[in-house]
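S.K.: can't give you the sequence, but here's the structure:
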Ligand SMILES: [Mn+2]
């Protein structure tokens, strides 16, 4: 097994941003590239510190690494193969559990460096709050960036139990950071009355299913887009390994179809969050996450 690529870029202004432990590569053996030549960089964010119901998303990135070797590098959906791309896995970001603000700060600094190095970033959570600092970093570089958000949950609360930084508030915080970009939400089927009302006047919410992507593609045009995929957008019958499962979700094929359509956009970064592997004893949820990861890597790798 090839080890994760070395991260010589960790020293900036004499500050050690991160230390990489020896970890298994997330990409198949033989297709992992050096950091310098990589187009797309993957890293894990094993944080689930604000999860309100069932914790465990911190184990997502490592379980994905365990299972990804069993997946073909070729995607028959996209007719593209991971062997044709330069991809790099930086392993998991070491995080100080118990200090949410410091965790978010470390994530943002990490992504700042990757974007300075002109990498396309694909982050693997972890709970959904980790998307917030990843998106914040991207907005410094892509001011007019739009957000495409797949999720069962609106995540638009202003606070959750008086906490502003939470997996339940993440898209509200993201919305507040946007300049001319907009939030496009798909698959939403859970939230408070206030969240759905907020969405009516502030975001472009497509509830219950993934229809409406074409509308988003038309409206966004060539402006930069970041995609955040909370895997609980999928129905629990195919994806039960998650902290807050919601019946009535999208099918796997519908999500594949939606990701395929993202190739029409100027996709500049993304994340996959909320795999909580131990809630699915069959292990199928992890395989689903691996497959979503492969598709997203291929879409991101293709964007010039
Ligand atoms: Mn969710």
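M.R.: Sure thing, it's come through. It should be emphasised that the depicted structure is a prediction, and the values quoted were computed from it without experimental measurement.
S.K.: what's the single longest helix in this protein?
M.R.: Ranked by number of residues, the top helix in the chain under DSSP state H is helix 284-302.
S.K.: Tell me the gap between it and the middle of its chain.
M.R.: 10 Å (C-alpha atoms, centre = their mean, to the nearest Å).
S.K.: so what secondary structure elements neighbour it?
M.R.: strand 40-45, helix 60-68, strand 74-75, strand 80-81, strand 120-125, strand 224-230, helix 252-261, strand 266-273 (3 or more C-beta pairs under 8 Å, 6 or more residues apart in numbering; DSSP states H and E). For glycine as for every other residue, the C-beta is placed from the backbone atoms N, C-alpha and C.
S.K.: For it, give the mean pLDDT please.
M.R.: When pLDDT is averaged over helix 284-302, the result is 95.
S.K.: what's the angle between it and strand 224-230?
M.R.: When axes from the mean of the first three to the mean of the last three C-alpha atoms, to 10 degrees is applied, the directions of helix 284-302 and strand 224-230 differ by 170 degrees.
S.K.: Could you give the number of residues near residue 105?
M.R.: Applying other C-beta atoms under 10 Å, we find 12 other residues in the vicinity of residue 105.
S.K.: contact partners of the helix or strand harbouring it?
M.R.: Per DSSP states H and E: residue 105 is located in helix 100-116. By C-beta atoms under 8 Å, 6 or more residues apart in numbering, the surrounding residues in contact with helix 100-116 are 9-10, 12, 17-18, 41, 43, 45, 47, 49-50, 93, 95-97, 121, 123, 129-130, 132-134, 136-138, 140-141, 165.
S.K.: buried residues in that helix?
M.R.: Residues of helix 100-116 classed as buried by neighbour count (16 or more other C-beta atoms under 10 Å): 100, 103-104, 106-115.
S.K.: what's the answer for stretch 240-251, then?
M.R.: 240-246, 249-250.
S.K.: where does the stretch 1-150 of the chain have low pLDDT?
M.R.: 1-31 (pLDDT under 70).
S.K.: Could you pick out the residues of the protein near the ion for me?
M.R.: Applying C-beta under 5 Å from the ion, one finds that the chain approaches the ion through 151-153, 230, 232.
S.K.: Just the ones in strands from those residues, please.
M.R.: Among those, DSSP state E puts residue 230 in strands.
S.K.: Export the residues of the chain next to the ion to JSON lines and append columns for neighbour count, pLDDT and distance to residue 58.
M.R.: Listed next are these as JSON lines, based on neighbours: other C-beta atoms under 10 Å; pLDDT from 0 to 100; distance: C-beta to C-beta, whole Å:
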{"residue": "151", "neighbour count": "26", "pLDDT": "98", "distance to residue 58": "19"}
{"residue": "152", "neighbour count": "28", "pLDDT": "98", "distance to residue 58": "20"}
{"residue": "153", "neighbour count": "25", "pLDDT": "98", "distance to residue 58": "19"}
{"residue": "230", "neighbour count": "28", "pLDDT": "98", "distance to residue 58": "15"}
{"residue": "232", "neighbour count": "29", "pLDDT": "98", "distance to residue 58": "16"}
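S.K.: The residue lying closest to residue 256 once chain neighbours are set aside in helix, strand or coil?
M.R.: Setting aside the residues directly before and after it, residue 256 is nearest to residue 77 in space (C-beta to C-beta, 6 or more residues apart in numbering), at 5.1 Å. Under DSSP: H, G, I helix; E, B strand; the rest coil, residue 77 falls in the coil class.
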